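1. using only what follows, build the 3D model:
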Amino acid sequence: ELVRELYGTFSDFAAAQVAWLDRLAAANAFDGLHEGARVLRISARQVGVLEAVEACERLEAAALAQDRTRVSASLDALHDELAAARPWVDALAAG
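-> Down below sits the predicted model:
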């Protein structure tokens with residue numbers, strides 16, 4: 001039951017967090033992007049979504065550099081990695 005809760009919570013959180021990151025990127029809010037990516041990175045590491053961890057690290061670096069092109073590419077990669085992980089994360093959430 002604990003595993004289901006953990007992965008269900010992560011799935012919901014990741015979806016909300018990446019939507020928020022998209023809004024921050026559209027507003028060029030680099031400080032918020034950096035912090036938001038850091039929080040998502042920590043959560044992704046805790047549940048073993050390591051490809052998303054790497055995408056978050058790239059997004060953090062791009063936000064620190066205030067590089068809009070790299071932010072966009074990093075967000076695209078993050079979307080892709082979370083989509084790839086979703087089936088197994090949701091399977092664990094379902095039990």
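2. how near is the spatially most central residue of the chain to residue 14?
-> With the centre of the chain defined as its mean C-alpha position, the nearest residue by C-alpha atoms, centre = their mean is residue 40, 4.7 Å away. To residue 14, residue 40 is 7 Å away according to C-beta to C-beta, to the nearest Å. Every C-beta, even on glycine, is put in place using the N, C-alpha and C of the backbone.
3. for residue 9, give me the pLDDT.
-> Among the per-residue scores, residue 9 holds a pLDDT of 96.
4. what about it, how many neighbours?
-> Under the neighbour criterion other C-beta atoms under 10 Å, residue 9 is assigned a count of 13.
5. same question for residue 67.
-> In terms of burial, residue 67 registers 14 neighbours under the definition other C-beta under 10 Å.
6. repeat for residue 32
-> Other residues within reach of residue 32 by the criterion other C-beta under 10 Å amount to 16.
7. confidence score at it?
-> 97.
8. OK, contacts around it?
-> By C-beta atoms under 8 Å, 6 or more residues apart in numbering, the contact set of residue 32 is residue 24.
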